[in-house]
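A.B. asks: what shape does this take:
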Amino acid sequence: MNLDHVFVCGHPVLDFAATLRARRSTRFEMFATPERLNAWYLESGLVDVIPPADEDDVREAIVLREAVYRLVTNRRLRENFDRGSLAVVNAVARTTPATPQLTLAGRHTDATPGQALATVARLAVELLSGPDVPLMKECGNPECTRVYIDRSRGMRRQWCGMDSCGNKIKAAAYRARRKSTPAATTH
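C.D. replies: I've put the predicted structure just below:
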């Protein structure tokens, strides 16, 4: 399995929630180590510099991630929010977030793992109470459980990303069609 973090969901909170891949089958944890958690924060662009995370930071991130995923699912399915997940997200959102600074070189954000996590929680509050809620869809690949923002014309997008899921599904469908089509006979 690819160890690179993937950012195809159209919102950092949805990419954060997607760090537990294939929830319905093989379940692959992208936050397996503190280093992988820090890599996500840096690769996502939420922070520019972050001190090393520890195992407690990983546990806290996983708790928040699961609460966010539950709330995203509630919203997507037009269900009431899970109260326990609400409490988790709101508690983390009340803590001090990362604070970007303007420097001579542009925007720069130093943050602790806790500040980075608070930033994710605050972004979750904004996403789940904002205008993009009706645009949230789950990937059409049955093995994938990513939720993404569908900004395509007519909201016809089916996959979280072409490279990650769309090409796999299209190739499998093509192979299935080829296999079921009788071979042309030559006379």
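
A.B. asks: when you work out contacts or count neighbours from here on, use the C-alpha atoms and nothing else.
C.D. replies: OK.

A.B. asks: mean pLDDT per helix and strand in the chain: which one sits at the bottom?
C.D. replies: The helix or strand with the lowest mean pLDDT-type score in the chain, counting by mean pLDDT, DSSP states H and E, is helix 167-180 (a mean of 61).

A.B. asks: longest helix in the protein, please.
C.D. replies: helix 55-76 (DSSP state H).

A.B. asks: for that one, packing partners?
C.D. replies: In terms of contacts (3 or more CA pairs under 8 Å, 6 or more residues apart in numbering; DSSP states H and E), helix 55-76 is packed against helix 12-17, helix 34-44, helix 83-93, helix 113-128.

A.B. asks: what is the burial count for residue 45?
C.D. replies: As a burial measure, residue 45 scores 11 neighbours (other CA atoms under 10 Å).

A.B. asks: separation between it and residue 97?
C.D. replies: Distance, residue 45 to residue 97, using CA to CA, to the nearest Å: 14 Å.

A.B. asks: check residue 130 too.
C.D. replies: Residue 130 sits 20 Å away from residue 97 when distances are taken as CA to CA.

A.B. asks: who's more crowded, those two?
C.D. replies: Looking at residue 130 and residue 97 with other CA under 10 Å, you find the greater number of neighbours at residue 97, namely 20 against 10.

A.B. asks: the nearest residue to that one once chain neighbours are set aside: what's it in contact with?
C.D. replies: Once flanking residues are discounted, residue 97 sits nearest to residue 115: 4.3 Å by CA to CA, 6 or more residues apart in numbering. Taking CA atoms under 8 Å, 6 or more residues apart in numbering as the contact definition, residue 115 lies against 95-98.

A.B. asks: what subset of those residues is buried?
C.D. replies: Listed as buried from these are 96-98; burial here means 16 or more other CA atoms under 10 Å.

A.B. asks: ok so, going back, how about the longest helix of the chain: buried residues?
C.D. replies: 57-58, 61-62, 64-73, 75-76.
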